[in-house]
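Enquirer: Got a predicted model here, sequence first, then my questions.
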Amino acid sequence: MSEGRTPAQIEADIVRRRQELAVTLDEIGVRVHPKTIVGNASASVRQTVDRTAGRAYVAVNRAVTSVRGELFSADGAPRMERIVPVAVAAVALAVVFSGRSSKRKGKRK
């Protein structure tokens with residue numbers, strides 16, 4: 001391998017490889033530094049949260065649009081034949097839950 005190469009060429013190769021090794025070691029040092037690890041982890045968490053929040057927003061927006069389409073006509077007028085039963089059901093649930101809550105309070109005393 002060193003046949004035909006001069007000592008100066010061999011020395012130049014050694015110097016070049018030492019410099020490459022120094023650069024590689026510096027890169028490894030940066031990658032394993034705690035601040036770098038924390039920064040990468042934080043970025044990954046932020047990205048995951050942003051993605052999850054975006055998906056949740058889209059899902060909620062679709063649900064709201066669907067409910068709005070059920071409760072209002074295309075021209076924006078309320079569909080009373082659908083709104084009244086929903087309102088009655090909501091009031092009934094509120095009464096049931098408030099009755100349970102007051103029964104529990106009475107048992108605690």
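Expert: Arrived safely, thanks for sending.
Enquirer: Specify the local secondary structure of the residue most central in space within the chain.
Expert: Geometric centre of the chain, nearest residue: residue 49, 1.7 Å, by C-alpha atoms, centre = their mean. Counting by DSSP: H, G, I helix; E, B strand; the rest coil, the backbone at residue 49 sits in helix.
Enquirer: Distance of residue 16 relative to residue 38?
Expert: Per C-beta to C-beta, to the nearest Å, residue 16 is found 34 Å from residue 38. For every residue, glycine as well, the C-beta is placed using N, CA and C.
Enquirer: For the residue nearest to the centre of the chain, give me its contacts.
Expert: By C-beta atoms under 8 Å, 6 or more residues apart in numbering, residue 49 lies in contact with nothing.
Enquirer: Next one: it relative to residue 55, how far apart?
Expert: From residue 49 over to residue 55 the distance is 11 Å, taken as C-beta to C-beta.
Enquirer: Do you have the strands of this protein handy? List them.
Expert: Applying DSSP state E to the chain gives no strands.
Enquirer: now it, which segments are flagged as low pLDDT?
Expert: Residues of the chain meeting the criterion pLDDT under 70: 1-2, 101-109.
Enquirer: for residue 5, phi and psi?
Expert: Main-chain torsions, residue 5, degrees, to the nearest 10: phi -110, psi 150.
Enquirer: residues near it, how many?
Expert: A count of nearby residues for residue 5, using other C-beta atoms under 10 Å, gives 12.
Enquirer: Please apply the same query to residue 83.
Expert: For residue 83, the count of nearby residues is 13 (other C-beta under 10 Å).
Enquirer: That one and residue 3: what is the separation?
Expert: 93 Å.
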